[in-house]
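> Predicted structure and sequence below. I'll ask about it afterward.
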Amino acid sequence: MKLGKERIKSILTTCASILVGNAILAFAVAAFIIPQDIIMGGVTGIGIVLNRVLPLETASIVLILNVLALILGGIVLGKDFFVKTVASSLLYPIFLGIFQRIPGIDTVTDNIMLGALFGGGLVGISLGIVMRVGSSTGGTDVVNLVLHKWLHLPVSMMVYATDIVILGGQALSAQPEQILYGIVLLVIETIIIDKVMLLGQSQIQIFAISNQYNAIRERILQELQAGVTMMCIETGLTNQEQRGVLCVIPPRKLFAATELIRSVDPNAFLIITQIKEVRGQGFTEKRRPESLK
């Protein structure tokens, strides 16, 4: 029963993330990127270029391209891939079409720098939210995976290659400033994606070397309610066998942890490292009460 609840929770979280992520992406494009004519990669960039020569809205072009990419992905990559990608491939252009019809959406700002900053930030947030649950917004992501299967080249190389082609197509008819602002948007987008992907998962690792390792271990367990791992080590100068205390804690507990260790042994040797992600009891799983005894 418990596994069933966890499974339902996971499905609901995934659906909500895909829904919210695509809505934010569509809003960013409709409110900041298209009105300011800022270049960008992906299928949206292709839609912006084709919108100049075809009598169709950008949202309609994106929808057509996403459906074509989805069909290609389903044929080449299989039915499972099709099912996982169909939601984002359809949701994003639908949301984009809805937002573009909101009165005043294209007059949120007339400052191209603000457009690039807010557009890049929101695109980064949206893609980060979608990627956190293992999904994508479809479009060129599907094409990149298909090319990877056909050509056996790294996916990252395919991503860069397709984005360069798309950005190059827009740059041919864009002003120099628009190109520069497009670069600003992409840089911010990349930074924000990384931050959102690791949001709430980044932790601090402390490795303490001290003769008072037992006292440090006990106080961390009891006062910080944090898990510890004892490491067998040998000192370099005296060749003495000793133990080190390894502890992973949330950033908010760093000050308390260092003060606690210093109160036990002012001369303790500390190595403090920021780590990107931690999985297991106390972090991605509930801590069992007996684990702190």
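Ah, there it is. Numbering: from 1, shown residues only.
> Dump the C-alpha coordinates for stretch 158-177 into PDB.
This file holds the C-alpha atoms of stretch 158-177, laid out as PDB (Å, rounded to 0.1, in the frame of the first residue of the first chain):
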ATOM      1  CA  MET A 158      24.000  17.300 -31.300                       C
ATOM      2  CA  VAL A 159      22.500  19.900 -28.900                       C
ATOM      3  CA  TYR A 160      25.300  22.400 -29.600                       C
ATOM      4  CA  ALA A 161      25.200  21.700 -33.400                       C
ATOM      5  CA  THR A 162      21.400  22.200 -33.700                       C
ATOM      6  CA  ASP A 163      21.400  25.300 -31.600                       C
ATOM      7  CA  ILE A 164      24.200  26.800 -33.600                       C
ATOM      8  CA  VAL A 165      22.300  26.200 -36.800                       C
ATOM      9  CA  ILE A 166      19.100  27.600 -35.400                       C
ATOM     10  CA  LEU A 167      20.800  30.700 -33.900                       C
ATOM     11  CA  GLY A 168      22.700  31.200 -37.100                       C
ATOM     12  CA  GLY A 169      19.500  31.200 -39.100                       C
ATOM     13  CA  GLN A 170      18.100  34.000 -36.800                       C
ATOM     14  CA  ALA A 171      21.400  35.900 -36.800                       C
ATOM     15  CA  LEU A 172      21.300  36.300 -40.600                       C
ATOM     16  CA  SER A 173      18.300  38.700 -40.300                       C
ATOM     17  CA  ALA A 174      18.900  40.000 -36.800                       C
ATOM     18  CA  GLN A 175      20.600  43.200 -35.600                       C
ATOM     19  CA  PRO A 176      23.900  42.900 -33.800                       C
ATOM     20  CA  GLU A 177      22.400  43.900 -30.500                       C
END
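> Going by neighbour count, list what's buried in it.
For stretch 158-177, the neighbour count (16 or more other Cβ atoms under 10 Å) marks 158-159, 162-163, 166-167, 169-170, 174 as buried. Every C-beta, even on glycine, is put in place using the N, C-alpha and C of the backbone.
> likewise stretch 183-196?
Neighbour counts over stretch 183-196 (16+ other Cβ under 10 Å) mark 184-186, 188-189, 192-193, 196 as buried.
> And the lowest mean pLDDT element among the helices and strands of the protein?
Ranked by mean pLDDT, DSSP states H and E, the weakest helix or strand in the chain is helix 155-171, scoring a mean of 75.
> Let's verify the nearest residue to Asp106 once chain neighbours are set aside: helix, strand, or coil?
Of all residues not flanking Asp106 in the chain, Pro35 sits nearest, at 3.9 Å (Cβ to Cβ, 6 or more residues apart in numbering). State at Pro35, reduced to three classes by DSSP: H, G, I helix; E, B strand; the rest coil: coil.
> quick one: Pro35 from Leu114, how far?
11 Å (Cβ to Cβ, to the nearest Å).
> Then Leu185?
Leu185 sits 11 Å away from Leu114, going by Cβ to Cβ.
> Burial check on His56, number of neighbours?
For the record, residue 56 is Leu, not His. Neighbours of Leu56 under the rule other Cβ atoms under 10 Å: 14.
> coming back round to it: now do the least confident helix or strand of the chain: which elements does it pack against?
Packing partners of helix 155-171 (3 or more Cβ pairs under 8 Å, 6 or more residues apart in numbering; DSSP states H and E): helix 42-51, helix 140-151, helix 176-197.
> between those, which gets nearest to Ile98?
Proximity to Ile98 (Cβ to Cβ) singles out helix 42-51 among these, at 15.3 Å.
> what's the next secondary structure element after the closest one?
Downstream of helix 42-51, the next assigned helix or strand under DSSP states H and E is helix 58-77.
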